[in-house]
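Asks: After the sequence you'll find the predicted model.
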Amino acid sequence: MSGLEPLIYELSVPGRIAVNLPDCDVPESDLPTDLIRDEVELPEVSELQAVRHFVKLSQFNHAIDKGFYPLGSCTMKYNPKINEDMARLPGFANLHPGTDPEGAQGALALMYNLQNWLAEVSGFAGVSLVPAAGAQGEFAGILMIRKYHLDRGDEQRTKILVPNSAHGTNPATVTMAGMDVIELPSDDDGNVDLAALREACAGENASTIAGMMITVPSTLGLFERHIQEVIDTVHKAGGLMYMDGANMNALMGIVKPGELGFDVMHYNLHKTFSTPHGGGGPGSGAVGVAERLLDFMPGPVVQIVEEGNDDEAPLYGLVEPSKTIGRLKAFWGNFGMHIRAYAYIRVYGGTGLNEVSRHAVLNANYVRAKLADTYKVPYNRYCGHEFVIEARFKDADIHALDISKRLMDYGIHPPTNYFPLIVPEALLIEPTETEDKATLDEFIHAMKQIAKEIQDDPDMLHSAPHTTPVSRLDEVRAAKQLVLCCAPVLKGVEQ
Amino acid sequence: MSYIPHTEVEREQMLSAIGVTTIEDLFEAVPASNRFPRLDLPDPMSEMEVAAEMQAMAEANEHASDFALFRGAGAYHHFIPSAVNHILLRGEFYTAYTPYQPEMSQGTLQATFEYQSMMCALTGMDAANASHYDGATSLAEAVTMALEVKRHKRNKIILSHSINPQYRAVVRTYRQNSDLEIVGDEGTASVDDLLEMLDDNTAMFAVSYPNFFGQIEDLRQVAERVHAAGALFVVVTNPMALGLFKSPGELGADIVVGEGQSAGISLSYGGPYIGFFATRDKYVRKIAGRIIGETVDMDGKRAFVMTLRPREQDIRREKATSNICTNQGLMALSAAVYLSLMGKHGMRKVAELNYHKAHYAANQIDALDGYSVDQSKPFFNEFVVKCPRPVQEINDALIEQGIIGGYDLGQDYAHLQDHMLVCVTEMNSRDEIDMLVNVLREVE
């Protein structure tokens, strides 16, 4: 079967070697022959073959560096190049995580400052940089909430309220933490249904509520109009408030979640703070907490262990919070991502981060306003950094997927489709602040052209995309006839 | 300013299209009393200034370009061919996201499929996922999977104390609100002792290969005993060691997990690294996280796509077994490029270099007065040295001579006070090793 590019194994030629290693400069020792394996079934290619192979593969990707990528909820903003250079400085890239803290003061100072800056952006008392991704930040947050209640003897508080518009990670996190989800409906304006919330927190229910997870702005891209009432209702029931910070790009210098009363929140450094998405990670999911959760943070966190003075810098150390939920991963978090976020915040400063959010919201509202006459915008009011449209048309058999696929022919990555779940045929559009007006106008034009095509030639959309390296895939076959690794390796296993 | 491209004229045009006069008008739904707080952060800086500040911070660290490094304990200094970094810096790779739209993501998808294939080759397993966060979380996910495979009818796991202490701590963090019984790792139980703990409530049995002390334990009889008890056999391993030693698959493992950092990923003070996760065909549908599969497009052309999606959190929500979505994608690419370049011969050779250099160092140190090396079992590139003085004192003396000494095992193991875990890789020249030995001799 031919594809776009052979598999690396298909390029392999027996005996070919890419990397020359030095000769052994010490006397050789005997190998324990009964524990030694036969050959490892890895490819045998030259360096040029490997480079061409992976460069060719790269060219089959769409990416921010190539074009517009309005993938809602993912904040596909420009990833500044200086970030990459800083992460590759030998003093960072070749720093062993087990280095004594005295020998890692530069790295620890960076983490200490980043903790403080993130805390300031969101109005929290402290930040832990440990979680490896947003989902792990959520997990940390829910474990903290649970441990906080247990510490107070509130063992019966096991329920977490989650709106039905939430990211899938929210309910999955609750289950993973060994707790129970109570799903809340949304009202006609896309806000949390306050009556349902009050009922869930009323009477005897109150004593079982551990907390609530909510995204701000919501996954519809909307600022919750009753956010203060939501927070107060849950707090009154004795629960804690978790904010999913995936949409923080709309909030910097706009409002501080900590000041609204949130108790804990995760940041996605790979969304708001420009660290690259890497084709699916690495992310970085720092958590910020209010005073009452400080002792429960996942450790270690960086603290000053010896105050400095005019002549000497302070001494930074890695410290475990006294009632910590425990270790979430090895070492101290995805430090390479901390470096990039540090560089980003340093470039912008406080006023600049505020401009980021203002322009992210400006861009989203501009596109929303321009598309509202062509597509149904189910909650057509000022949005945050993203908005959702309903890709449904009277008398046309067209789905969100068809529009997504057709957009590719215009050189644009589709918006997030079929999320949030409460909007039928949803397309969630997030332009980000780094796109200029001309790019937004091209997108608007493409969407309007597609609306015309839906009337004129819907079949052309059904078979889209037409210009991508491959056409639509047989996803059923992929799941039914599972092929998860390539032939020479499979054969190796069978032997 | 900075990375925001708008001109004043464009801003005005956009505001007028929206029908407002200022950007502030767009925030009317935000509670007025909390709207527009000041951010008390340092002033903005130019790229030049940021680079200068950060270079100074980087140089304040004692790093492996300036120091001879003999510390491992879960993170290893290895040679990374230049081509790896050049591929990682392709914007087409690192500025893309999760390949939700396969028609525009074949590069990431095929590279990840190749990564999965190479991890299968190294581990001797049938299928690998696209990655977990690191070795520790991949072990925690193995626990979840083992409990799922046993349909939660078994409620005990056995962990060896010689699995990385941080990994075991993460397993406990993940299971803190469950009643799972975790046994085996709080003393010094040998593999044979651990096998005695198997019973019909045991869901999994996990050991490390090489273990945290660098030793390669003989696991050939283990699988049979574990399987006879109806439990899953989980092996925590390291791709570098698998260039030389029998694959866990050959030893009968059911799940193979570990830290993939030694396959082409820089130290970076502990991350980002990559957790690999591989298993047998029959358990594939229980794997958490993203998996790439092969299929065809409408024209019959081979292509790749994320598959078995209904397991995942965005579809299954509260019924998903893990909340993972973003993983360590770019690190999987890094490992794929590294393993392609090293290839069949390079992985064997680099693993042998590690083995020989570590053994040379161990022999030299063992010959010193006051020091002894535990050579009771075969080892790979790390070994345990009993020292005549506290490890911290020795390391303080070493750092004066430009050497970062071994890991102080006393911080994790009460019975290993004054024991140092020394790591030697292909990066350590004979001169460096001799220098280490000389300084150790002097601090005796």
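Replies: Sure thing, it's come through. Every value quoted in this text rests on a predicted model; they were computed, and no experiment measured them. Numbers count the residues shown, from 1 in each chain, chains lettered A, B, ... in the order given.

Asks: what's the neighbour count on the spatially closest residue to A:Asn116 that is not a sequence neighbour?
Replies: Nearest-residue entry for A:Asn116: A:Val127, 7.5 Å, with adjacent residues in sequence omitted and distances by C-beta to C-beta, 6 or more residues apart in numbering or on different chains. C-beta here means a position set from N, CA and C on the backbone, and glycine is covered the same way. Counted with other C-beta atoms under 10 Å in any protein chain shown, residues neighbouring A:Val127 total 25.

Asks: which other helices and strands contact the helix or strand that contains A:Val127?
Replies: Assigned by DSSP states H and E, A:Val127 falls within strand A:126-128. The helices and strands touching strand A:126-128, judged by 3 or more C-beta pairs under 8 Å, 6 or more residues apart in numbering or on different chains; DSSP states H and E, are helix A:105-122, strand A:287-289, strand A:301-306.

Asks: Please enumerate residues in contact with that strand?
Replies: Outside strand A:126-128, the residues within contact range by C-beta atoms under 8 Å, 6 or more residues apart in numbering or on different chains are A:114-116, A:118-119, A:140, A:286-289, A:294, A:297-299, A:301, A:321, A:333.

Asks: which residues touch A:Ala182?
Replies: I think there's a mix-up here, since residue A:182 is Ile and not Ala. For A:Ile182, the contact set (C-beta under 8 Å, 6+ apart) comprises A:Lys159, A:Ile160, A:Leu161, A:Val162, A:Ala200.

Asks: Is B:Glu294 within a helix or a strand, and which one?
Replies: Residue-wise, B:Glu294 maps onto strand B:292-296 under DSSP H and E.

Asks: Pull out the buried residues from stretch B:203-210.
Replies: B:Ala203, B:Met204, B:Phe205, B:Ala206, B:Val207, B:Ser208, B:Tyr209, B:Pro210 (16 or more other C-beta atoms under 10 Å in any protein chain shown).

Asks: How about stretch B:140-155?
Replies: Residues of stretch B:140-155 classed as buried: B:Ala140, B:Glu141, B:Ala142, B:Val143, B:Thr144, B:Met145, B:Ala146, B:Leu147, B:Glu148, B:Val149, B:Lys150, B:Arg154 (neighbour count, 16+ other C-beta under 10 Å).

Asks: Of those, which is the nearest to B:Asn164?
Replies: B:Ala140 (12.1 Å; C-beta to C-beta).

Asks: you'd agree that closest one is up against B:Val170?
Replies: Yes: contact criterion C-beta atoms under 8 Å: B:Ala140 and B:Val170 qualify, at 5.2 Å.

Asks: From the chain's centroid, how far away is the longest helix anywhere in chain A?
Replies: Longest helix in chain A, counting residues (DSSP state H): helix A:335-371. With C-alpha atoms, centre = their mean, to the nearest Å as the basis, helix A:335-371 stands 15 Å off its chain's centre.

Asks: tilt between it and helix A:105-122?
Replies: Orientation check (axes from the mean of the first three to the mean of the last three C-alpha atoms, to 10 degrees): helix A:335-371 against helix A:105-122 gives 30 degrees.

Asks: What are the buried residues along helix A:335-371?
Replies: Buried residues in helix A:335-371 (16+ other C-beta under 10 Å): A:335-350, A:352-371.

Asks: and for the very next helix or strand once past the strand holding B:Glu294, what are the contacting residues?
Replies: Next in sequence after strand B:292-296, counting helices and strands by DSSP H and E, comes strand B:302-306. With C-beta under 8 Å, 6+ apart as the test, strand B:302-306 has contacts from A:1-4, A:470, A:473, A:475, A:478, B:98-100, B:102, B:106, B:109-110, B:112-113, B:290-297.

Asks: Mind giving me the ChimeraX select for the residues you listed, buried ones only?
Replies: Burial among the contacts of strand B:302-306 is assessed by 16+ other C-beta under 10 Å; the matching ChimeraX selection reads:
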select /A:3,4,470,473,478 /B:98,99,100,102,106,109,110,112,113,290,291,292,293,294,295,296,297
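
Asks: Next step: the contacts of strand B:302-306 restricted to helices.
Replies: A:Glu475, A:Ala478, B:Gln106, B:Leu109, B:Gln110, B:Thr112, B:Phe113.

Asks: Adding distance to A:Asn61 and pLDDT as columns, could you present those residues in a markdown table?
Replies: A markdown table is the format used below for the ones in helices among the contacts of strand B:302-306 (distance: C-beta to C-beta, whole Å; pLDDT from 0 to 100):
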| residue | distance to A:Asn61 | pLDDT |
| --- | --- | --- |
| A:Glu475 | 19 | 94 |
| A:Ala478 | 19 | 94 |
| B:Gln106 | 7 | 98 |
| B:Leu109 | 9 | 98 |
| B:Gln110 | 10 | 98 |
| B:Thr112 | 11 | 98 |
| B:Phe113 | 14 | 98 |
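
Asks: In CSV: the residues you listed, plus distance to B:Leu421.
Replies: As requested, the ones in helices among the contacts of strand B:302-306 are arranged in CSV below (distance: C-beta to C-beta, whole Å):
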residue, distance to B:Leu421
A:Glu475, 47
A:Ala478, 44
B:Gln106, 43
B:Leu109, 39
B:Gln110, 39
B:Thr112, 33
B:Phe113, 36
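
Asks: Can you tell me which of those is closest to A:Tyr9?
Replies: Nearest to A:Tyr9 among the ones in helices among the contacts of strand B:302-306, with distances taken as C-beta to C-beta, is B:Phe113, at 10.5 Å.

Asks: contacting residues for the closest one?
Replies: So B:Phe113 contacts A:Leu7, A:Leu484, A:Cys485, A:Cys486, B:Ile292, B:Gly293, B:Glu294, B:Phe304 (C-beta under 8 Å, 6+ apart).

Asks: Also A:Thr468?
Replies: A:Met408, A:Asp409, B:Glu103, B:Met104 are the contacts of A:Thr468 under C-beta under 8 Å, 6+ apart.
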